[in-house]
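Asks: Sequence and predicted structure are below.
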Amino acid sequence: RSVLYQRAKMESSWLLCWEGDQAKAYQYISGSTEWRRLVNNFLDEGAWYIVDSIEPFSCKRLPVLLISSPDPGISKDWVKRNDATELWMPMPRGEDLEVLKESVNPKLTKADFDTRLQWAGTSARLVLSKKESLSVLKALQKKVE
């Protein structure tokens, strides 16, 4: 199956598809006529349309995966209009974050990790952030809320 990927705050969108036995990636200008035509052309193939943090422009017959974490304001109206199913990923446990820390942010000290965990709960985005300033992290938390 082909995948069409469109992300907020990016000027381009991507088409990932198979040509013979080779995977190919093509870049398009987001929202362009060419991109809209492309989405419609892949309806018959059963392609997936993945949209990250913005409302899809069209989804009448194309399966859509709308990634909208952690802001339900982006997806709320769209979900209602399209009778879509909402799924939420559960928050990780502290133990999960400790395991992830080694690959995501290995420079994070145990003391900083514990402070962030106490302050932010088990929000992976906040606890494992590579941003060092607690004030920057607090600003990020306000944005998330």
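Replies: Looks like it arrived, so ask away.
Asks: Next, count neighbours for Leu66.
Replies: Leu66 has 20 neighbours, counted by other CB atoms under 10 Å. Yep, even glycine has a C-beta here, placed from its N, CA and C like the rest.
Asks: Would you quantify the distance from Val79 to Val64?
Replies: Computed with CB to CB, to the nearest Å, the distance linking Val79 and Val64 is 10 Å.
Asks: So which residues of the protein form helices?
Replies: Read by DSSP state H, the chain holds these helices, from start to end of the chain: 33-41, 72-81, 94-104, 110-120, 124-127, 134-144.
Asks: Return the most buried member of those.
Replies: Mean neighbour counts were compared across the helices of the chain using mean count of other CB atoms under 10 Å; the top stretch is helix 124-127, at a mean of 18.
Asks: any idea of the mean pLDDT for that helix?
Replies: The predicted model assigns helix 124-127 a mean pLDDT of 84.
Asks: Same check on stretch 103-117?
Replies: The model assigns stretch 103-117 a mean pLDDT of 90.
Asks: Could you tell me the end-to-end distance of it?
Replies: One end of stretch 103-117 sits 17 Å from the other (CA to CA, to the nearest Å).
Asks: Leu108 is in contact with Glu98, isn't it?
Replies: No: when contacts are counted by CB atoms under 8 Å, Leu108 is not listed as touching Glu98 (10.3 Å).
Asks: hang on, the earlier thing: in a markdown table: the helices of the chain, plus distance to Ile50.
Replies: Formatted as a markdown table, the entries for the helices of the chain read as follows, by distance: least, CB to CB, whole Å:
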| stretch | distance to Ile50 |
| --- | --- |
| helix 33-41 | 11 |
| helix 72-81 | 13 |
| helix 94-104 | 22 |
| helix 110-120 | 28 |
| helix 124-127 | 20 |
| helix 134-144 | 22 |
